[in-house]
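Chemist: Sequence unavailable; structure follows:
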């Protein structure tokens, strides 16, 4: 509560923990009649895609949230769920040595679910939103390039190297080792394929033609359909991009925003018919690289693998969190072995 008072002059009348999402801690805060906020605390040791040290992760997270504020307030992308800047103008503030705190407007609406596809109208709207985002001049924000590097590549390599010895981190460590051992071949081939593509795609000097501002994780779990009062604001840029009145979905969780090829976002909206990608090309004039779509899909699975293996090799007990990591690891291994990368 002191952090909210010092940083935002918010007096928390009620504070309710919200067990939603992953990778962060959330609270719903009431500061007065009709005033609600969504407060997020991030662990600087748990965001490997932003850096390997706490100062690097803090700088990367601040740059990402700063970019979301710029995209919403200056560029006019009303569907961007950006934080409320603190009194000093910063998008987030440190909370001790290992955490950060950020404050967002509370969105009254219905969140999507990661494992449930969006209905066609929402998917069409999301494609229009991505088209609007990708058409923004990258110079409008200060963001680093996002290659296809995994969140925890060293940890995954070490795990693959130590498959011949017992893992003793906790109850799911040995089952995780056995599962990974059975899929070591496809996993290594996937890593090699990703490395070859990354060297070919990212070794050259980037140009304005092949890098755009990408969200990074525009999946259904990062969508909220909001109430009508917010919808009018959220619809603006997407409506312009789509050439019609847009709906009322907001795109949340901008800590993964970065400069990258558009396929970093597009693989998540690509359906078997290809209609969504065709619509994207109509809106932007950009052709879609289908090989890149598949490699970003592979990258997602391998990145998940690096995260779950890291968690289950570390000291742990049987908790809902470790059980989720174990179940998710099984699903991820199945995906990688079912669609192995070409050698």
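Modeler: Nice, I can see it. As the structure is a computational prediction, the values presented were derived from the model and not from experiment. Numbering: from 1, shown residues only.

Chemist: okay, CA-based contacts and neighbour counts for the rest of this
Modeler: Noted.

Chemist: Spatially central residue for this protein, please.
Modeler: Using Cα atoms, centre = their mean, the residue of the chain that lies closest to the mean C-alpha position is residue 217, 3.8 Å off.

Chemist: Tell me which residues touch it, please.
Modeler: Counting by Cα atoms under 8 Å, 6 or more residues apart in numbering, residue 217 touches 256, 265, 268.

Chemist: Chain neighbours aside, what residue packs nearest to the second one?
Modeler: With Cα to Cα, 6 or more residues apart in numbering as the measure, residue 216 is the residue that lies nearest to residue 265, at 5.5 Å, once sequence neighbours are left out.

Chemist: Same check on the last one?
Modeler: By the measure of Cα to Cα, 6+ apart, the closest residue to residue 268 outside its immediate chain neighbours is residue 219, 6.1 Å from it.

Chemist: I'd assumed residue 266 was in contact with the one you found.
Modeler: No. The criterion here is Cα atoms under 8 Å, and residue 219 misses it with residue 266 at 10.0 Å.

Chemist: rewinding a little: most neighbours of all the contacts of residue 217, which one?
Modeler: Counting neighbours by other Cα atoms under 10 Å, residue 265 comes out on top of these with 24 neighbours.

Chemist: Surely that one touches residue 214?
Modeler: Yes. Assessed by Cα under 8 Å, residue 265 is found in contact with residue 214 at 6.2 Å.

Chemist: Identify the contacts common to those two.
Modeler: residue 130.

Chemist: What ranges does the stretch 51-200 of the chain have for its helices?
Modeler: With DSSP state H, counting those that start in this stretch as the criterion, the stretch 51-200 of the chain has helices at 54-73, 120-134, 153-161, 173-182, 184-202.

Chemist: Which residues outside the longest one are in contact with it?
Modeler: Think helix 54-73. 44-45, 47-48, 50-51, 77-84, 90-92, 98, 100, 140-143, 254-258.

Chemist: Quick check: the gap between residue 192 and residue 161.
Modeler: 15 Å (Cα to Cα, to the nearest Å).

Chemist: Actually, residue 5.
Modeler: 48 Å.

Chemist: got it, and residue 3?
Modeler: Between residue 3 and residue 161 the computed distance is 43 Å (Cα to Cα).

Chemist: got it, and residue 212?
Modeler: From residue 212 across to residue 161, the span is 36 Å (Cα to Cα).

Chemist: of those two, who's got more company?
Modeler: Taking neighbours as other Cα under 10 Å, residue 212 and residue 161 compare with residue 212 leading, 23 against 11.

Chemist: Quick check, that one in contact with residue 138.
Modeler: Yes. Between residue 212 and residue 138 there is a contact under Cα under 8 Å: 6.1 Å.

Chemist: what do the two both touch?
Modeler: Common neighbours of residue 212 and residue 138, counting by Cα under 8 Å, 6+ apart, are residue 259.

Chemist: Can you give me the neighbour number for residue 69?
Modeler: Using other Cα under 10 Å, residue 69 is surrounded by 24 other residues.

Chemist: got it, and residue 28?
Modeler: Counted with other Cα under 10 Å, residues neighbouring residue 28 total 20.

Chemist: what sits opposite it in the beta ladder?
Modeler: As for beta bridges, residue 28 partners with residue 16, residue 38 under DSSP bridges.

Chemist: Quick check: it touching residue 39?
Modeler: Yes. Under the criterion of Cα under 8 Å, residue 28 makes contact with residue 39 at 6.3 Å.

Chemist: on that earlier part again, show the buried residues in the contacts of helix 54-73.
Modeler: Neighbour counting with 16 or more other Cα atoms under 10 Å marks 44, 47-48, 50-51, 77-84, 90-92, 100, 141, 143, 254-258 as buried within the contacts of helix 54-73.

Chemist: Hmm, residue 258 is touching residue 264, no?
Modeler: No. Using Cα under 8 Å as the test, residue 258 is too far from residue 264 to be in contact (9.6 Å).

Chemist: ranges for the strands of the stretch 201-343 of the chain?
Modeler: Using DSSP state E, counting those that start in this stretch, the strands found in the stretch 201-343 of the chain span residues 212-214, 223-226, 249-251, 258-260.

Chemist: can I get these in JSON lines with mean pLDDT?
Modeler: Listed next are those as JSON lines, based on pLDDT from 0 to 100:
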{"stretch": "strand 212-214", "mean pLDDT": "97"}
{"stretch": "strand 223-226", "mean pLDDT": "92"}
{"stretch": "strand 249-251", "mean pLDDT": "95"}
{"stretch": "strand 258-260", "mean pLDDT": "95"}
